[in-house]
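Undergrad: Next one to model:
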Amino acid sequence: MRRLRNVKIVATLGPASSDYDTIRKLFEAGADVFRLNMSHGSHDEIAARHKIIRQLEEDTGRPIAILADLQGPKLRCGTFANDSEELTEGQAFRFDLDDAPGDATRVLLPHKEIFDALEPGSRLLVNDGKICLRVDDCGRDFANCTVTVGGTISNRKGVNVPDVVLPLAALSEKDRADLEFVCELGVDWLALSFVQRARDVNEARELSRGRASILSKIEKPAAVKAFQEILDASDGIMVARGDLGVELPVQNVPPIQKRLTRACRRAAKPVIVATQMLESMIESPMPTRAEVSDVATAIYEGADAVMLSAESAAGQYPIEAVTTMHNVAIEVENDPTYRDVIDASRGADKTSVADGIVSAAREIAETADIKAIACFTDSGTTALLVARERPHVPIIAMTHRIGTARKLCLTWGCYCVMSDELTRFKQAVVRAVRAATEEGFATADDQIVVTAGVPFNKPGTTNILRVAPCDVKEIFAAEPE
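TA: Residues are numbered from 1 along each chain as shown. Okay, the predicted model is just below:
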């Protein structure tokens, strides 16, 4: 099941992809990570999909990552006596804490935290930004507004507050229950919605107790402003462009996507570009040219993964959507311009022995006729550092921990191979060359680069590199027992 590409594909599961045969077809078409959206589906349904993925993993002999995406707080207005009202530009409209049905002049906004944070001049966006209101006057239980962009407001429409940091935790009571459930179930990644600051990430990390890696979704202006501290606190990042494009001017999203992607690469942390990538394929077997270009742009930028949401969860063509993304990735990565862009954006500071080792591994692989870089990794750190270099040759990430192998399924270029727990570097070299030949990366006449940390099984000790022949006899001839 070796992929002939480096970027990974995340496929969301849902009603259109909830049985074994469909999930297997998604995997065979190119999905590397499966996303369980906690906004939809009961715990029983989530558990059933998790069980299928783990069965598929066993049947194929390949590690598969599972990402549970927590819903986050949902801010919604109340209901209307007539179910909906038409708001026109320039008219006055009021949000308050009165639970009486709304009309053309007011409606309930049952979130006291919003009123606590609002200031005159703040914007309130309703129904994915289709309606915009400016706050003229506000207090602890009301906000008098002027409609600046009109439209139809109806029962329980979502409300966005882009201009202030809300005094809301990223984890609602539902999220806390979902987090505990999926951690006990055994997911590899937790995606956090509504992240505004690093302490939101720290709270989730404390609750997860090391049972899953933490991936922060950047979907609010506050998260963009506090991005570096959020990145430092996270294991990975998702650029959630849908909500970003609601709360920020849409023209701001592409440069933010580029900046965040490069920052994640410098930090050696995986980044997913998500939302509306092939949205037309929910109903069409063919994407638009603009969508294909959008996917390609994320790959040219060096993203670790690109994601499908409703396309694979609820669309009519889930397999075709994954296949399209896979084919675009192969075409882009075979373009000489891709390698020029990736090489030119290599800019991480080298401040440790591990940084020097992985940089040397990449340079040797590009200078000599090397077929792969094999790295032994306990926690995944070595593989992440090698992937940050974006080498020209495949990365074989070898580990004795299945959790590490699964986690690295989200990382650019990493092909994960399970290995025995080792104590000597020579054993590692032998395991690496056997994996390279058995998995089709090299022949007995080729060479690979092997990196590891000695002593073994101690995270963060990458300190050794060897160019090894893929003929095991040559290894033993050079270093007899």
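
Undergrad: got a list of what Q316 touches?
TA: Residues near Q316 by CB atoms under 8 Å, 6 or more residues apart in numbering: A16, I282, E283, P285. All C-beta spots, glycine's among them, are computed from the backbone N, C-alpha and C.

Undergrad: quick one: average pLDDT of stretch 16-27?
TA: Here stretch 16-27 scores 98 as its mean pLDDT.

Undergrad: now stretch 180-196
TA: Averaging pLDDT along stretch 180-196 gives 97.

Undergrad: Give me the buried positions along it.
TA: For stretch 180-196, burial by neighbour count (16 or more other CB atoms under 10 Å) applies to 182-183, 185, 187-196.

Undergrad: nearest to N37, of those residues?
TA: A191 (9.2 Å; CB to CB).

Undergrad: quick revisit: name the nearest of the buried residues of stretch 180-196 relative to A452.
TA: Of the buried residues of stretch 180-196, the one sitting nearest to A452 (CB to CB) turns out to be D188, at 23.0 Å.

Undergrad: How about the contacts made by the closest one?
TA: Counted by CB under 8 Å, 6+ apart, D188 has contacts A65, I66, L67, A212, S213, G403, R406, K407, C409.

Undergrad: Out of these, which end up buried?
TA: Of those, these count as buried by 16+ other CB under 10 Å: A65, I66, L67, A212, S213, G403, R406, K407, C409.

Undergrad: Quickly run through the sheet partners of the host helix or strand of C416, with directions.
TA: Using DSSP states H and E, C416 maps to strand 414-418. Sheet pairing of strand 414-418 (DSSP bridges) gives strand 395-399 (parallel).

Undergrad: Going C-terminal from the partner strand, what's the next secondary structure element?
TA: helix 402-407.

Undergrad: Pull the residues that contact the host helix or strand of E184.
TA: Assigned by DSSP H and E, E184 belongs to helix 173-185. Residues outside helix 173-185 that contact it (CB under 8 Å, 6+ apart): 36, 38, 43, 46-47, 50, 68, 70-73, 171, 190, 193, 204, 207-209, 211-212.

Undergrad: Go through these and flag which are in helices.
TA: H43, I46, A47, H50, A204, L207, S208 (DSSP state H).

Undergrad: wait, the second one sits on R35?
TA: If I follow you right, that is I46. No - between I46 and R35 there is no contact under CB atoms under 8 Å: 11.1 Å.

Undergrad: pLDDT weak spots in the stretch 1-150 of the chain?
TA: Of all residues in the stretch 1-150 of the chain, none has pLDDT under 70.

Undergrad: can you map out the strands along it?
TA: 8-13, 33-37, 65-69, 84-87, 92-96, 106-108, 123-126, 131-139, 142-149 (DSSP state E, counting those that start in this stretch).

Undergrad: Same question for the stretch 201-350 of the chain.
TA: 213-218, 236-240, 271-274, 305-308.

Undergrad: And stretch 235-242, what's buried?
TA: Within stretch 235-242, the residues scored as buried using 16+ other CB under 10 Å are D235, G236, I237, M238, V239, A240, R241.

Undergrad: Repeat that for stretch 281-291.
TA: By 16+ other CB under 10 Å, the buried positions in stretch 281-291 come out as M281, I282, P287, E291.

Undergrad: ok, now how distant is the most centrally placed residue in the chain from A354?
TA: The chain has I272 as the residue nearest its centroid, 3.5 Å off, counting by CA atoms, centre = their mean. Relative to A354, I272 is positioned 24 Å away (criterion: CB to CB, to the nearest Å).

Undergrad: Also V322?
TA: V322 sits 34 Å away from A354, going by CB to CB.

Undergrad: ok, I46 and R35, which is more surrounded?
TA: Counted by other CB atoms under 10 Å, I46 and R35 do not tie: R35 has more neighbours, with 27 against 22.

Undergrad: what bridges to the more buried one?
TA: Here R35 sits in beta bridges with T12, L67, as judged by DSSP bridges.

Undergrad: residues touching it, list them.
TA: Contacts of R35 were listed using CB under 8 Å, 6+ apart, and they are V10, A11, T12, L13, L67, A68, D69, A191, M307, S309.

Undergrad: Let me see the domain layout of the protein.
TA: Listed by automatic domain parsing, the domain ranges of the chain are 8-72+170-334, 84-160, 353-478.

Undergrad: Throw those into JSON lines and include distance to V341, thanks.
TA: Shown next, in JSON lines, are the domains of the chain (distance: least, CB to CB, whole Å):
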{"stretch": "domain 8-72+170-334", "distance to V341": "5"}
{"stretch": "domain 84-160", "distance to V341": "32"}
{"stretch": "domain 353-478", "distance to V341": "10"}
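
Undergrad: which one of these lies closest to R2?
TA: Using CB to CB as the measure, domain 353-478 is the one of the domains of the chain that comes nearest R2, at 6.1 Å.

Undergrad: For G236, report the pLDDT, please.
TA: 98.

Undergrad: same question, the one 4 residues further on
TA: As summarised for this prediction, A240 has a pLDDT of 95.

Undergrad: correct me, but it touches E219?
TA: Yes - between A240 and E219 there is a contact under CB under 8 Å: 3.9 Å.

Undergrad: Name the residues contacting each of those two.
TA: Residues touching both A240 and E219 by CB under 8 Å, 6+ apart: S193.
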